[in-house]
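**Student:** Dropping the sequence and predicted coords here.
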Amino acid sequence: MTARFCATVAKPGRHADGGKLYLRVDALGVARWTFMWVRGGREREAGLGSRHMVGLAQARELAGGMREMLAKGIDPLNARAAERRANAARVTFGECPDALLASKESG
């Protein structure tokens, strides 16, 4: 697969780059990168971003990171969800007005 092909392909379907990395194009021509694997008899798919936001080189890099996770026995989707939970700022409803007032205080 070449960068030019990725930028211009409009044929619907799943276009393989190798190493479980695919450029998936829907019927409307919208294309997105996906990484697919099978674990425990279950097919899994992780989105890596649209072709307009993620280039071929970056998609290959992201897929490489996911392959490393799989080699270590880590499910990439579970790891992504755990990271999101860890990074999520848990703000209660009562803390929202306090944060707003604190941000406006200097003005």
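**Tutor:** Sure, I can see it.

**Student:** Which secondary structure elements does whichever helix or strand L62 is part of sit against?
**Tutor:** Taking DSSP states H and E as the definition, one finds L62 inside helix 56-71. Where contact means 3 or more Cβ pairs under 8 Å, 6 or more residues apart in numbering; DSSP states H and E, helix 56-71 is packed against helix 3-8, strand 13-18, strand 21-25, strand 31-39, strand 42-50, helix 76-87. The C-beta positions use only the backbone N, C-alpha and C, and glycine is treated the same way.

**Student:** What pairs with the shortest one, parallel or antiparallel?
**Tutor:** Meaning strand 21-25. When sheet partners are counted by DSSP bridges, strand 21-25 sits next to strand 13-18 (antiparallel), strand 31-39 (antiparallel).

**Student:** Could you dump the helices and strands packed on helix 56-71 into CSV with mean pLDDT, mean neighbour count and distance to P97 added?
**Tutor:** Shown next, in CSV, are the helices and strands packed on helix 56-71 (pLDDT from 0 to 100; neighbours: other Cβ atoms under 10 Å; distance: least, Cβ to Cβ, whole Å):
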stretch, mean pLDDT, mean neighbour count, distance to P97
helix 3-8, 86, 12, 47
strand 13-18, 92, 13, 48
strand 21-25, 94, 20, 43
strand 31-39, 93, 17, 39
strand 42-50, 92, 13, 35
helix 76-87, 85, 12, 24
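
**Student:** so which of these gets nearest F93?
**Tutor:** When the helices and strands packed on helix 56-71 are ranked by proximity to F93, the top entry is helix 76-87, at 19.4 Å, counting by Cβ to Cβ.

**Student:** thinking again about what came up before, mind listing what's buried along the helix holding L62?
**Tutor:** By neighbour count with 16 or more other Cβ atoms under 10 Å, helix 56-71 contains the buried residues L56, A59, R60, L62, A63, M66, R67, M69, L70.
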